[in-house]
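Asks: Below is the sequence, then the predicted model.
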Amino acid sequence: MYSSRKICLPLVAILLAAASLAGAAEPGSFGYGRVASPAQIAGWDIDVRGEDGAGLPPGKGTVDRGADVYAEQCAACHGTFGEGEGRFPKLVGGVGSLRDERPELTVGSYWPFAPTLWDYINRAMPMAAPHTLSADDVYALTAYILSLNDLVPHDFVADRNSLPKVKMRNRDNFIWTDPRPDTIAKPCMNACVNAADVRISSTAEGRDLTPRTTGPLDTMQPK
Amino acid sequence: MRPDPLRSKAVLSDLAGPDAPVARRSFLRLGAALTGSLALGSKPAMADPAQESPPADAPWSQSIGAGVVDRPYGRPADTEASVIRRNVPWLTASAESSVSFSPLQDLHGIITPNGLFFERHHAGRPDIDPAQHKLMIHGLVERPLLLTMKDILRFPSISRIHFIECPANGGMNWRAAQMNSLQFSHGMVSCAEWTGVRLSTLLEEVGVKKEAKWAMVEGADGAHMNRSLPLDKCLDDCLVVYAQNGEALRPEQGYPLRLVVPGWEGNVNIKWLRRIKLGDKPWHSREETSKYTDLMPDGTSRGFTWLIDAKSVVTFPCPEKPLDGPGLYEIRGLAWTGNGKVRRVDVSMDGGVNWQTARLHEPVLSKALTKFTLPWRWDGRPALVASRVIDEAGYVQPTIAELRKQRGSNSVYHNNSIQTWQVKSDGSVFNVQLA
């Protein structure tokens, strides 16, 4: 790294300067491993940033193409129109439900950024065979799911320029700094509440939701 | 096969033969004692004449046991077979994207045995060949690196004891008391001694560029699970670990390499760690937008709520371990906080009217499970047993009512409320919530 052909004085100066950086080691001071080449990095560098789509690759996909791929690769779990089979996640619906007693959190009602949808499909779906879709097909699936949610028109073409511009419904409703602690209790020790006011508001007794905790695993099939 | 002279037929028939009443009786007694794994609450048989006679020499005392490598990798006694991780079949669509719970009701210390550490997978448990596993560190760095497991093992090592808790632990009790079990209400927390290399050491080795503010951490599993972490936390106390309680990580815990982010929600402790990328902004991945965000009653959501707030729970008595008649008991429990150390735990037997301070057991470690106990003479009357932790930041564990007042009941995550166990006069115990 430091050429031995260089004269001693600058080397001493460099060492002194390094030592004065309060223990901060020079990069590569252990020298283990290999410097990753650009080609090696490209092989794994799959992440896409939600807010601005940084990292989206070249390629594009239409809603119609997405519908075809979706029917083949996704509908079995997520339902033909994203309604979700069984307990598999819904990909549509719930718009306007976030303040309800039973809110439905979906791409349409909850997700703040469209590029995150491309990233997640590319990263994790279809569940049993992840990382098998082409970039074009991931764009097409993204376009299809956005259109199922009425977030883009039917002729929408998803690509690295169009996706970051899709305005998601819930985009402005996230607070990204943690406001906790949001409760301030005082550790009272005696007569903290009126004993007559202590009342059970709910009990798990008799609810039949709890698997057994002895014997073999409980499949909870109806007995 | 030649008969083994050490295992004579006579010994075996002693166990079952009618001419061995003493041995058989002691065997039955053993069975009764063990049905509830070292049962704290099993009733002694009142009129059993065996109670009065001198203790018998048990069959295992009259024979020779198994040799040293009979079980080259040991395992618990067969009678402990009920002490296992368990899942809630109705909770998730598939076991590959699901969770299992640690049997806290049968654990006695602050360290979770490796086979009982709770699991949370997003694309199942990969079985990784460590010879092929690599960690890439790149992005806003001077010198991007590709490290093998051999390389990582050469870095200066460090061991730390830390809990990991899924922020959805207790999520099923946000709306109401639902799970009548300690295992299913609190079992998504576990604690281990982790060994590896400081993340700061690795980041110094690659050289962090001035513009870098965030790290994206990613797993090698089928979901390539990824999260954003502020660089400050990475440089503070994060660990890249290859060992858990002294042995290689279990596959369920990220073998061969995982991230430990002390005191922060389980999901950011990326398992099967394959990549760390530094950047100037967070990524807003699916796991930090669609999931692991907290929906408030006004329709807004909190994101990047990483900290595990202080929490405690009484582990005895609990629904799985009822009381066995009036008398003196030791209330036992666990407390933990992402803020650092547990400072104090108070216990109430009357639903929070009066509290007594419990004894904390050493070691009391930062961001680790801490054990507490308090002697209690139970008079046989109904009781409401609860614990309340105060951590070194002065934060006091809230009631579920206080939490709901701030956050409603749709937020799923970060329910760190006081747990109340209702003890009925027959000693049975139920999960309840107080108004």
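Replies: Received the coordinates, thanks. Because the structure is a prediction, the values reported are computed rather than measured. Numbers count the residues shown, from 1 in each chain, chains lettered A, B, ... in the order given.

Asks: Chain A contacts on the stretch 101-250 of chain B?
Replies: B:103, B:105, B:122-123, B:136-138, B:141-148, B:151-152, B:154-155, B:172, B:176-181, B:183-184, B:204-207, B:216, B:218, B:222-226 (C-beta under 8 Å from any C-beta of the partner chain). Using the backbone N, CA and C atoms, a C-beta is placed for each residue, glycine as well.

Asks: Listing partners with orientation, what would you give for the helix or strand containing B:Phe430?
Replies: Using DSSP states H and E, B:Phe430 maps to strand B:429-434. The strands that strand B:429-434 pairs with in its sheet are strand A:200-203 (antiparallel), strand B:420-423 (antiparallel) (by DSSP bridges).

Asks: Contacts for it, please.
Replies: The contact list for strand B:429-434, computed with C-beta atoms under 8 Å, 6 or more residues apart in numbering or on different chains, reads A:198-205, B:173, B:176-181, B:185, B:317-319, B:321-323, B:351-352, B:384, B:399-401, B:419-424.

Asks: Derive a PyMOL selection command for the buried subset of those residues.
Replies: To isolate the buried members of these in PyMOL, using 16 or more other C-beta atoms under 10 Å in any protein chain shown:
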select buried, (chain A and resi 198+200+202+203+204+205) or (chain B and resi 173+176+177+178+179+180+181+185+317+318+319+321+322+323+351+352+384+399+400+419+420+421+422+423)
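
Asks: What subset of the residues of the stretch 101-250 of chain B next to chain A is buried?
Replies: Using 16+ other C-beta under 10 Å as the burial test, these include B:103, B:105, B:122-123, B:136-138, B:141, B:144-148, B:151-152, B:155, B:172, B:176-181, B:183-184, B:204-207, B:216, B:218, B:222-226 as buried.

Asks: quick one: which of the residues you listed sit in helices?
Replies: B:151-152, B:183-184, B:204-206 (DSSP state H).

Asks: So what does the closest residue to A:Tyr110 other than its chain neighbours have for phi and psi?
Replies: Closest residue to A:Tyr110 apart from its sequence neighbours, by C-beta to C-beta, 6 or more residues apart in numbering or on different chains: A:Asn170 at 5.2 Å. The phi/psi pair for A:Asn170 (degrees, to the nearest 10) reads phi -100, psi 10.

Asks: Just the strands from chain A, written as ranges.
Replies: A:34-35, A:60-62, A:157-159, A:174-175, A:200-203 (DSSP state E).

Asks: Same list (those) but as TSV, adding mean pLDDT.
Replies: Formatted as TSV, the strands of chain A follow (pLDDT from 0 to 100):
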stretch	mean pLDDT
strand A:34-35	97
strand A:60-62	98
strand A:157-159	98
strand A:174-175	98
strand A:200-203	97
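
Asks: So stretch B:375-395, near chain A or not?
Replies: Yes: using C-beta under 8 Å from any C-beta, stretch B:375-395 reaches chain A at B:384, B:388, B:390, B:395.

Asks: How about the strand holding B:Phe430, which residues are buried there?
Replies: Within strand B:429-434, the residues that count as buried by 16+ other C-beta under 10 Å are B:429-434.

Asks: One more: stretch B:394-406?
Replies: In terms of neighbour count (16+ other C-beta under 10 Å), stretch B:394-406 has its buried residues at B:395-400, B:402-404.

Asks: about what we covered before: switch the ones in helices among the buried ones among the residues of the stretch 101-250 of chain B next to chain A over to TSV; also include distance to B:Val345 and pLDDT.
Replies: Formatted as TSV, those follow (distance: C-beta to C-beta, whole Å; pLDDT from 0 to 100):
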residue	distance to B:Val345	pLDDT
B:Asp151	43	98
B:Ile152	38	98
B:Gln183	21	98
B:Phe184	22	98
B:Glu204	38	98
B:Glu205	41	98
B:Val206	42	98
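
Asks: I'd like the residues of stretch B:375-395 next to chain A as TSV, with secondary structure and pLDDT appended.
Replies: TSV is the format used below for the residues of stretch B:375-395 next to chain A (DSSP: H, G, I helix; E, B strand; the rest coil; pLDDT from 0 to 100):
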residue	secondary structure	pLDDT
B:Leu384	strand	98
B:Arg388	strand	98
B:Ile390	strand	98
B:Tyr395	coil	98
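
Asks: Of the strands of chain A, flag the one that's most buried.
Replies: Greatest average neighbour count among those goes to strand A:157-159 (a mean of 22), per mean count of other C-beta atoms under 10 Å in any protein chain shown.

Asks: Partner strands of that strand and their direction?
Replies: Here strand A:157-159 is paired, per DSSP bridges, with strand A:60-62 (antiparallel).

Asks: tell me the helices in chain A, going along the chain?
Replies: A:8-20, A:38-44, A:63-73, A:75-78, A:114-124, A:135-148.

Asks: quick one: which of these is nearest chain B?
Replies: Chain B lies closest to helix A:114-124 among the helices of chain A, at 3.9 Å (C-beta to the nearest C-beta).

Asks: which stretches of the chain have low pLDDT?
Replies: Since no chain was named, I'll use chain A. Scanning chain A for pLDDT under 70 picks out the ranges A:1-24, A:222-223.

Asks: Correction: the question concerned chain B.
Replies: Using pLDDT under 70, chain B drops low at B:1-47, B:50.

Asks: Pop the domain breakdown of it in here.
Replies: By the assignment in automatic domain parsing, chain B contains the domains B:8-33, B:106-302, B:311-432.

Asks: who's in contact with the residue lying closest to A:Gly59 once chain neighbours are set aside?
Replies: Leaving aside its sequence neighbours, A:Gly59 sits nearest to A:Ala135 (C-beta to C-beta, 6+ apart; 3.9 Å). Neighbour list for A:Ala135: A:57-59, A:122 [criterion: C-beta under 8 Å, 6+ apart].
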